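1. prediction below, plus the sequence it came from.
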Amino acid sequence: MTEPAKSIAGHKTLAVKLPNALHSQLELIAKVDESTLGSELLWAVEFYVEAKRSAPDFAEKAQGVIAEAEAQAAAARQAVEALLRPASETPVPGETSAKPGTRSAK
């Protein structure tokens, strides 16, 4: 396990609501370790991430999330590409080859 980074170039700030008893315990741990709440929380999150990474089914689940994200990205790309094609090349769902600005008879 790595030690929490002292200086992080890029980071996000996260507000966490803790039950009072858990917060008190965390404060005591930080005081005993002569540390800060932020450092202790960073260490705890790093520990949790490493535990998840080592879980037997995590890699398979992560691959599923990646595949879903790639499918969504492909669909979004197709939509943007359709918007960028000339109108004459873009079929309009539900319409036949009517002239732009007119509606087909239904």
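-> All right, it came through fine.
2. for the record, mean pLDDT for the lengthiest helix in the chain?
-> Longest helix in the chain, counting residues (DSSP state H): helix 58-84. Here helix 58-84 scores 95 as its mean pLDDT.
3. before we move on, what about stretch 16-23?
-> For stretch 16-23, the mean pLDDT works out to 96.
4. quick one: contacts of that stretch?
-> 26, 41 (Cβ atoms under 8 Å, 6 or more residues apart in numbering). Yep, even glycine has a C-beta here, placed from its N, CA and C like the rest.
5. going forward can the numbers begin at 720, since that is how I track them
-> New numbering, starting at 720: the last item is stretch 735-742.
6. quick one: buried residues of that stretch?
-> Buried residues in stretch 735-742, counting neighbours by 16 or more other Cβ atoms under 10 Å, are absent.
7. output that stretch as CSV, restricted to C-alpha atoms.
-> Coordinates of each C-alpha in stretch 735-742 appear next as CSV, following Å, rounded to 0.1, in the frame of the first residue of the first chain:
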residue,chain,number,x,y,z
VAL,A,735,-18.4,13.3,3.0
LYS,A,736,-21.1,13.1,5.6
LEU,A,737,-20.0,10.8,8.4
PRO,A,738,-22.1,9.6,11.4
ASN,A,739,-20.9,11.4,14.5
ALA,A,740,-19.5,8.3,16.1
LEU,A,741,-17.4,7.4,13.0
HIS,A,742,-16.2,11.0,12.7
